[in-house]
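Visitor: need the 3D shape of this:
(one chain, ligands or ions: 1)
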Amino acid sequence: MRILLANPRGFCAGVHMAIDVVDQLIDLCPDEPVYVYHEIVHNKHVVDRFRSRGVTFVEDVAEVPEGSLVVFSAHGISPRVREEAAERNLRSVDATCPLVTKVHMEAIRYARQGYQILLIGHANHQEVVGTRGEAPDSIQVVESPDDIPGLRIDDPERLVYLTQTTLSTDDAQVIIDALTHAFPNIKRPPHSDICYATTNRQHAVRQIAPESDVVLVIGSKNSSNSVRLTEISRNAGVDAILIDDVTELDLDRFMGDETVLVTAGASAPEDLVAELCRTLLERFGGEIVLRDVRLEDTEFDLPVSLKRLMRERDIDPKDRRIRIKPPEITETLYGAVPLTVSAQAG
Ligand code: SF4
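Guide: Numbers count the residues shown, from 1 in each chain. This next block holds a predicted model:
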């Protein structure tokens, strides 16, 4: 079997930051329970691993005992959740990805300027719920072009669209084209709201998938950007399977002579990718070909709220930088595998 391993894949800077925040809190406050509002990132294994270390995940801040430590997840929250946490005297640490915060800021700014905002995204996704909460009277969610006739538009000259950060760039463009057709003067955000990590992982799949027989995506079913990778692959005419880990894969479907593209959503740990590759090679033999499509060097600083907590405990935040670990094919993770590295211009 020939395994094409996409790079970039897996953890983005926002996920590194969010996971590091919880890691550091466990370390800083060993005698205190840590609560996380919503899944810290949309990955079953990441959440289960934190649960096994004593972290409690809640879907309502009312479940968090008064005065406790609570982390807001990478997807962001609406101001209402922040207020409820303050009313309960919770000590909050905000692990919202800065690229999600950027969309919140845009929503607030355009709402203040009197724009109606059309937010392209999935209405029930945590990120969209949070962004919408910033200006609920000004924001309408658009999930598909079919939603356009039902929109309540006061002034077509004072309209702007924003997008969820983890959409399929293909699908978002279809909706943007339909909006632009319906409202020719709709304003676009200064920069695309679909984040660099989503864009890069999709670009790698779009580029490499046509060389493969099937695409395997490691990621959870509720991870928007992981699901989008399967859609991008199918758009390119190649079947794709989304699995949390190798145990969900039916190995009997393979003959062993296939070319398989392996990638991972932005919240999926690299050890699960390695386990999948090891299992395939042990069963079918073959090699891994690493496809470097785009290099990433984005990193985020620790959240201000975490730095404040560190200073309260006489810890200098400068000594606690977020540890970005780009995926590497180490022997510890992957075993001794035949490996070729092939760089591709993005
Ligand atoms: S996928 Fe993008 S928006 Fe979401 S956490 Fe990662 S970098 Fe931030």
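
Visitor: what about residue 69, distance to residue 38?
Guide: Going from residue 69 to residue 38 by CB to CB, to the nearest Å gives 15 Å. (C-beta placed from N, C-alpha, C; glycine too.)

Visitor: ok, the closest residue to the ligand within the stretch 1-150 of the chain - contacts?
Guide: As assessed by CB to the nearest ligand atom, the ligand sits closest to residue 14 within the stretch 1-150 of the chain, at 2.5 Å. The contact partners of residue 14, taken as CB atoms under 8 Å, 6 or more residues apart in numbering, are 74, 97, 98, 99, 100, 195, 197, 266, 300.

Visitor: would you agree the second one is in contact with residue 300?
Guide: Which is residue 97. Yes - applying CB atoms under 8 Å, one finds residue 97 in contact with residue 300, separated by 7.5 Å.

Visitor: can you pull the residues of the stretch 201-346 of the chain lying near the ligand?
Guide: By the rule CB under 6 Å from any ligand atom, the part of the stretch 201-346 of the chain lying against the ligand is 225, 266.

Visitor: mind checking the SS state of residue 80?
Guide: Look at residue 80: counting by DSSP: H, G, I helix; E, B strand; the rest coil, its state is helix.

Visitor: got it, and residue 260?
Guide: Assigned state for residue 260: strand (three-state reduction, three-state DSSP).

Visitor: thought residue 189 was touching residue 161?
Guide: Yes - between residue 189 and residue 161 a contact is recorded at 7.3 Å, counting by CB under 8 Å.

Visitor: for those two, indicate the residue with more neighbours.
Guide: With other CB atoms under 10 Å as the criterion, residue 189 and residue 161 differ in neighbour count, and residue 161 comes out ahead with 23 against 16.

Visitor: spatially nearest residue to the more buried one (excluding sequence neighbours)?
Guide: residue 118 (4.5 Å; CB to CB, 6 or more residues apart in numbering).

Visitor: okay, the residue of the stretch 1-150 of the chain closest to the ligand: pLDDT?
Guide: Reading off the per-residue confidence, residue 14 sits at a pLDDT of 96.

Visitor: in terms of helices and strands, where is it?
Guide: When secondary structure is defined by DSSP states H and E, residue 14 falls within helix 13-28.

Visitor: only the buried residues of that helix, if you could.
Guide: Neighbour-count burial for helix 13-28 flags 13-22, 24-25, 28 (criterion: 16 or more other CB atoms under 10 Å).

Visitor: picking up where we left off before, and the residue nearest to residue 161, that's in a helix?
Guide: No - with three-state DSSP as the criterion, residue 118 is located in strand rather than a helix.

Visitor: in the sheet, who's paired with it?
Guide: Here residue 118 sits in beta bridges with residue 140, residue 161, as judged by DSSP bridges.

Visitor: just list the residues touching it, thanks.
Guide: Contacts for residue 118 were tallied using CB under 8 Å, 6+ apart; they are 139, 140, 141, 142, 151, 159, 160, 161, 162, 179, 186.

Visitor: counting neighbours, what do you get for the second one?
Guide: It stands for residue 140. Residue 140 - counted by other CB under 10 Å - has 16 other residues nearby.

Visitor: next: the first one.
Guide: Residue neighbour count, defined by other CB under 10 Å, stands at 20 for residue 139.

Visitor: hmm, it is touching residue 131, no?
Guide: Yes - if you go by CB under 8 Å, residue 139 and residue 131 touch, sitting 7.3 Å apart.

Visitor: give me the common contacts of those two.
Guide: Between them, residue 139 and residue 131 share these contacting residues under CB under 8 Å, 6+ apart: 107, 119.

Visitor: buried ones from the contacts of residue 118, can you make that a ChimeraX selection?
Guide: This is how ChimeraX selects the buried members of the contacts of residue 118, with burial counted by 16+ other CB under 10 Å:
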select :139,140,141,142,159,160,161,162,179,186
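
Visitor: farthest-apart pair in the contacts of residue 118, please.
Guide: For the contacts of residue 118, the farthest-apart pair by CB to CB is 141 and 186; their separation is 15.3 Å.

Visitor: so where do the strands sit in the stretch 1-150 of the chain?
Guide: Ranges of strands in the stretch 1-150 of the chain, per DSSP state E, counting those that start in this stretch, are 2-7, 34-37, 56-58, 69-72, 91-94, 116-120, 139-142.

Visitor: mind listing residues that contact stretch 228-236?
Guide: 166-171, 198, 201-202, 205-206, 209-210, 215, 217, 219, 239-242, 261, 263, 265.

Visitor: for the ligand, what's its nearest residue on the stretch 201-346 of the chain.
Guide: When distances are taken as CB to the nearest ligand atom, the stretch 201-346 of the chain approaches the ligand most closely through residue 266, which lies 4.0 Å from it.

Visitor: ok now do that residue, which residues does it touch?
Guide: When contacts are counted by CB under 8 Å, 6+ apart, residue 266 touches 10-12, 14-15, 41, 166, 197-198, 201, 223, 225-226.

Visitor: just the buried residues of stretch 72-85, please?
Guide: Along stretch 72-85, these residues count as buried under the neighbour rule (16+ other CB under 10 Å): 72, 73, 74, 75, 76, 77, 78, 81, 82, 84, 85.

Visitor: actually stretch 291-305, not the one I wrote
Guide: Residues of stretch 291-305 classed as buried by neighbour count (16+ other CB under 10 Å): 291, 292, 293, 294, 300, 302, 303.
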